[in-house]
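Engineer: Sequence and predicted structure below; questions after.
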Amino acid sequence: MKIIVPVKQVPEVAEVRVNEETGTLIREGVPSILNPFDEYAVEEAIKLKEAYDGEVTIITMGPPQAKEALWKALAMGADKAVHMTDRAFAGADTWATAYTLAQQIKKMEFDLVICGKQAIDGDTAQVGPELAELLSLPQICYVRNLEVDDGGKHVIAHRETDEGYDIVRARMPVLLTATKGLNEPRLPNIMGIMKAKQKPLEVIDAATLGTPEDEIGLKGSPTTVRKVFPPEKRAGGVKLEDVDAKTAAKQLVEFLAKKGAI
Ligand SMILES: Cc1cc2nc3c(=O)[nH]c(=O)nc-3n(C[C@H](O)[C@H](O)[C@H](O)COP(=O)(O)OP(=O)(O)OC[C@H]3O[C@@H](n4cnc5c(N)ncnc54)[C@H](O)[C@@H]3O)c2cc1C
């Protein structure tokens, strides 16, 4: 079974701050990590490879330092990696990101593509579904349980919804997006870390990809970011404390009436 896992290197979000004057993210000094949802995707791919034999290829589009995310996935047990990196890819919105990845994935053999459900920085959850469209694949998003059926021809996935979950069966090749609870991602062991940098890592630039420059990067991006700003801090609210239920109800009604809510 051949599995491709697109991954993104993201800033450790808990530490990201916004420059309120320029409206841009302050990335300096912020450590980068493999997107946590992509770790579930990598783990699931490795588990399937171990059970059904096959090969796991990790792919990322990102700046030179994004290879560290690839090494982490290789250290976990993936077999090889593809790093799409070029200044011409920079400034890509979700469409251009998915389009660029799709142009490369179309050249590769696969039965499954497993993405994370979303990147914890961009947070759009668009790249997976866009990739499925561009590759003309069926897609099952928010997968929290996965089985392979019919001797490796179908997958049966539990797809998380607001109400619970759907059980969906699809014929391979198919694209899945992985969510929390799908598995417990393994920590790379020392042997894995040592072997990671010896595993094949192919670097693809725009010329190698052979796609016109106006279809990639900023030029190929139909969306623009107008402004980035932190959400307004909420006021503390009003607490009705140390009063009996009857008084609290009276005070609540008075409060709502004052606000024009009743
Ligand atoms: C106009 C514009 C310009 C931008 N310029 C830049 C820029 O210069 N640099 C920058 O870092 N970001 C830039 N971004 C943000 C960038 O487009 C998004 O981060 C990216 O498209 C992925 O979207 P997301 O983070 O919401 O991922 P999601 O759609 O939430 O990610 C879902 C899944 O898709 C896969 N995935 C996502 N991104 C990648 C990737 N790059 N490689 C492989 N797999 C991936 C992963 O499996 C991930 O879990 C820009 C956005 C816009 C709108």
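Structural biologist: Cool, got the structure. Residues are numbered from 1 along each chain as shown.
Engineer: quick one: average pLDDT of stretch 255-262?
Structural biologist: Stretch 255-262 carries an average pLDDT of 90.
Engineer: Need the distance between the two termini of that stretch.
Structural biologist: Distance between the two ends of stretch 255-262: 9 Å, counting by CA to CA, to the nearest Å.
Engineer: Show me what residue of the stretch 1-150 of the chain gets nearest to the ligand.
Structural biologist: Nearest to the ligand, among the residues of the stretch 1-150 of the chain, is G122, at 1.9 Å (CB to the nearest ligand atom). (Glycine included, C-beta is placed from N, CA and C.)
Engineer: so how far is A69 from that residue?
Structural biologist: Shown here: G122 relative to A69, a distance of 15 Å by CB to CB, to the nearest Å.
Engineer: Which residue of those two possesses the greater neighbour count?
Structural biologist: Taking other CB atoms under 10 Å, G122 and A69 do not tie; A69 has more neighbours (25 against 15).
Engineer: was I right about the more buried one contacting K8?
Structural biologist: Yes. Counting by CB atoms under 8 Å, A69 does reach K8; the two are 7.2 Å apart.
Engineer: shared neighbours, these two?
Structural biologist: Common neighbours of A69 and K8 (criterion: CB atoms under 8 Å, 6 or more residues apart in numbering): N35, D38, T60, G62.
Engineer: looking at those residues, which has the most residues close by?
Structural biologist: D38 (31 neighbours).
Engineer: May I have the residues that are in contact with that one?
Structural biologist: D38 neighbours (CB under 8 Å, 6+ apart): V5, P6, V7, K8, A69, A73, C115, G116, A119, A178.
Engineer: Could you list which of the residues you listed also contact the ligand?
Structural biologist: P6, V7, K8, C115, G116, A119 (CB under 6 Å from any ligand atom).
Engineer: and the longest helix for the chain?
Structural biologist: Counting by DSSP state H, the longest helix found in the chain is helix 36-52.
Engineer: Report the distance from that one to the chain centre.
Structural biologist: Helix 36-52 sits 14 Å away from the centroid of its parent chain (CA atoms, centre = their mean, to the nearest Å).
Engineer: Which strands and helices lie in contact with whichever helix or strand comes after it?
Structural biologist: Per DSSP states H and E, the first helix or strand lying C-terminal to helix 36-52 is strand 55-61. On a contact count with 3 or more CB pairs under 8 Å, 6 or more residues apart in numbering; DSSP states H and E, strand 55-61 meets strand 2-6, helix 36-52, helix 67-76, strand 80-84, helix 94-105.
Engineer: Recalculate using a threshold of 10 Å.
Structural biologist: strand 2-6, helix 36-52, helix 67-76, strand 80-84, helix 94-105, strand 112-116, strand 201-204 (3 or more CB pairs under 10 Å, 6 or more residues apart in numbering; DSSP states H and E).
Engineer: Tell me which residues of it come out buried.
Structural biologist: Buried residues in strand 55-61, counting neighbours by 16 or more other CB atoms under 10 Å, are found at V56, T57, I58, I59, T60, M61.
Engineer: Then stretch 171-184?
Structural biologist: Neighbour counts over stretch 171-184 (16+ other CB under 10 Å) mark M172, P173, V174, L175, L176, T177, A178, T179, L182, N183 as buried.
Engineer: now the helix or strand encompassing the fourth one: mean pLDDT?
Structural biologist: Using DSSP H and E, L175 sits in strand 174-178. Averaging pLDDT along strand 174-178 gives 98.
Engineer: other SSEs contacting it?
Structural biologist: Contact partners of strand 174-178 among helices and strands, from 3+ CB pairs under 10 Å, 6+ apart: strand 2-6, helix 36-52, strand 112-116, helix 127-134, strand 139-149, strand 154-160, strand 165-171.
Engineer: Dump those to CSV, plus mean pLDDT.
Structural biologist: CSV is the format used below for the helices and strands packed on strand 174-178 (pLDDT from 0 to 100):
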stretch, mean pLDDT
strand 2-6, 98
helix 36-52, 97
strand 112-116, 98
helix 127-134, 98
strand 139-149, 97
strand 154-160, 97
strand 165-171, 96
